[in-house]
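K.L.:
Turn this into a structure:
(2 chains)
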Amino acid sequence: MSRLTIQLPGLELKNPIMPASGCFGFGREYAQLYDLSKLGAIMIKATTVETRPGNPTPRVAETAAGMLNAIGLQNPGIDKVMNEELKFLEDYDVPIIANVAGTETADYVEVAQRISTAANVKALELNISCPNVKCGGIQFGTDPATARELVEAVKAVSEVPVYVKLSPNVTSIVDIAQAVEAGGADGITMINTLIGMRLDERTGKPVIANGTGGLSGPAVKPVAIRMVYEVYKAVNIPIIGMGGVTEAQDVIDFMSAGASAVAVGTANFVDHFVCPTIIDELPAKLDKLGVEHISEIIGRSHR
Amino acid sequence: MIRQEKMTVVSQKQIATNIFELTLHGELVQDMTPGQFVHVKVSDSLEPLLRRPISIANIDKDNNEFTMIYRAEGRGTKVLATNREGQLVNVLGPIGNGFPVDAVKEGGTALLVGGGIGVPPLHELSKQLNARGVKTIHVLGFQTEDVCFYEEEFSALGETHYVTVDGSKGTKGFVTNVLASRAPEFDVFYSCGPLPMLKALEGFYPEKEGYLSFEERMGCGIGACFACVCKTTDQVAKDYVKVCSDGPVFPKGTVAL
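P.N.:
Presented below is the predicted three-dimensional model:
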């Protein structure tokens, strides 16, 4: 597996594949299906200070080659995540990237400070891009100055490197990327979901109780690739790319655009074994490309 | 244990208007219990993308076969309905916690109340209850006669009443109309169907032991995505349950209706 190793701030990845936050819970369910130690890392579900109940149902709806969701950052709060979920994950040889969410700066700082002390949390992913709650961080993710200030505040308390998850729902994602880099971010994860809506055929009303939801799945991949491509040119910190990854070729595409690692989201619902399958398929892909180590393809579309 | 398997189509036939009965062969069957469901990928393409949760209507462990009955209404189930004998279907399952068959003692009576596409899982339940020496009474509600199915199958297992909204078959109205007029004697009730029906049943039998099977839009189907959560009645003990992994069957009074 040495052909697939990737070194990133805080992260020594056996391979560049990790399940994306929100699509993998805290790993327990998928641990029934396969050995989590096979994964490069796990981006666990967003964690907030207090328990979050989430949005009313229906929370998901299918769209053409995609899915809308408005879960609403439901999670049991940092105490339970620290004491139960992260403890459970200690049984596996896999680094954890903790997704940190909040309503105001103090929330982010508290979660980041505490969760970054967990033994297996090797990096944070600042969630400043959830589109599904009124105060879910998107207010931090759409303004460069606000985003930078939040990153500075979290960097000041975090024991581990800080990655920032960017929203595609902005006029210029490059501006936000450069702002969080200036604020001291160690890396960028992108993209979060695109705000979308589906209407019920009979009533004409939104299918999702929240009205809007975040669009994910293969339908968003071209948008995500374009944004990774643009941000790669504009910053000097690594990118973990995501958005519609369903097979090994998608990983090659994201890394070619400039991602150093790749997260798999919605595809975990469609094929619950997709992450280990992609990991197994990558060496053959590298053979076809005539590449010895996967890191050689990072950013090749720019060369 | 949940597994993913390419199962072989043994047979597919239409048994009512837009209602299909699909029998599949594979190893997953050995782990199935009544009330559980399977998560089906209806196509190898990206469209439709998500899996479809479908209940288990009949389990045949001797032959490694199970049957599901579904309504071909949306894009996914319409694709599923095109499968023919010998084709392979990608199935994840069995999923969830089913009906507790042992809640009724031998010699006791169970009331099974189903509505529409909630009727199929009651068939396997009734079979297994009968096998334990439990008498079963079935009250099955549908919109119209043309979407009714399995009359012979249920009648062979016990007293069976059909109800249709338009009165085209059996009693006109809802299942509660039959329950009110006939007042069956029973020990435990089991139900699967639309929420208003489940709610009405809880109100009808506040003193009885009962088990309700719920349906909710799902993402992953295994409890990871939090799409199918329902609020509980006892918010102190636990504020939510997931239909896919904690259910789909819950004891009466668990889910806030």
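K.L.:
all contacts plus neighbour counts: C-alpha atoms, from now on.
P.N.:
Fine.
K.L.:
For stretch A:7-26, buried residues please.
P.N.:
A:8, A:10-26 (16 or more other CA atoms under 10 Å in any protein chain shown).
K.L.:
Could you pick out which of those are located in strands?
P.N.:
Among the buried residues of stretch A:7-26, the ones falling in strands (DSSP state E) are A:8, A:11-13, A:17-19.
K.L.:
can you narrow the buried residues of stretch A:7-26 to ones near chain B?
P.N.:
The residues of the buried residues of stretch A:7-26 that also fall near chain B, by CA under 8 Å from any CA of the partner chain, are A:22-26.
K.L.:
Dump the residues you listed to TSV, plus distance to residue B:184.
P.N.:
Compiled in TSV, those are given as follows (distance: CA to CA, whole Å):
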residue	distance to residue B:184
A:22	47
A:23	46
A:24	46
A:25	44
A:26	46
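K.L.:
returning to what we had before: redo the ones in strands among the buried residues of stretch A:7-26 as a markdown table? Include pLDDT.
P.N.:
Compiled in a markdown table, those are given as follows (pLDDT from 0 to 100):
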| residue | pLDDT |
| --- | --- |
| A:8 | 98 |
| A:11 | 98 |
| A:12 | 97 |
| A:13 | 98 |
| A:17 | 98 |
| A:18 | 98 |
| A:19 | 98 |
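K.L.:
just the residues you listed now: which is nearest residue B:2?
P.N.:
The closest of these to residue B:2 turns out to be residue A:19 (CA to CA; 19.4 Å).
K.L.:
ok, then the element right after the helix or strand where residue A:263 lies?
P.N.:
Assigned by DSSP states H and E, residue A:263 belongs to strand A:261-264. Next helix or strand after strand A:261-264 toward the C-terminus (DSSP H and E): helix A:267-270.
K.L.:
Tell me if that following helix is near chain B.
P.N.:
Yes - Helix A:267-270 is in contact with chain B by CA under 8 Å from any CA, via A:268-270.
K.L.:
where's that helix relative to the chain centroid, distance-wise?
P.N.:
If you compare the mean C-alpha spot of helix A:267-270 with that of the full chain, they lie 15 Å apart, counting by CA atoms, centre = their mean, to the nearest Å.
K.L.:
Please name the residues that touch the closest residue to residue A:166 other than its chain neighbours.
P.N.:
Spatial nearest neighbour of residue A:166, chain neighbours left out: residue A:190 (5.2 Å); criterion: CA to CA, 6 or more residues apart in numbering or on different chains. If a contact means CA atoms under 8 Å, 6 or more residues apart in numbering or on different chains, then residue A:190 has A:165-167, A:224, A:228, A:239-243 as its contacts.
K.L.:
what's the closest of the residues you listed to chain B?
P.N.:
residue A:243 (14.2 Å; CA to the nearest CA).
K.L.:
thought the closest one was touching residue A:168?
P.N.:
No - using CA atoms under 8 Å, residue A:243 is not in contact with residue A:168, being 10.3 Å away.
K.L.:
what residues are shared contacts of those two?
P.N.:
Common contacts of residue A:243 and residue A:168 (CA under 8 Å, 6+ apart): A:191-193, A:224.
K.L.:
got TSV for those, with distance to residue B:144, pLDDT and secondary structure too?
P.N.:
As requested, the shared contacts of residue A:243 and residue A:168 are arranged in TSV below (distance: CA to CA, whole Å; pLDDT from 0 to 100; DSSP: H, G, I helix; E, B strand; the rest coil):
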residue	distance to residue B:144	pLDDT	secondary structure
A:191	48	97	coil
A:192	45	96	coil
A:193	42	96	coil
A:224	48	98	helix
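K.L.:
Pull out the buried members of those.
P.N.:
The neighbour-count test (16+ other CA under 10 Å) applied to the shared contacts of residue A:243 and residue A:168 identifies A:191-193, A:224 as buried.
K.L.:
Relative to chain B, which residue of the stretch 1-150 of chain A is the closest?
P.N.:
residue A:25 (4.4 Å).
K.L.:
Next one, pLDDT for that residue please.
P.N.:
In this prediction, residue A:25 carries a pLDDT score of 96.
K.L.:
Distance check, the spatially closest residue to it that is not a sequence neighbour against residue B:234.
P.N.:
Nearest-residue entry for residue A:25: residue B:224, 4.4 Å, with adjacent residues in sequence omitted and distances by CA to CA, 6+ apart. Applying CA to CA, to the nearest Å, one obtains 22 Å for the distance of residue B:224 from residue B:234.
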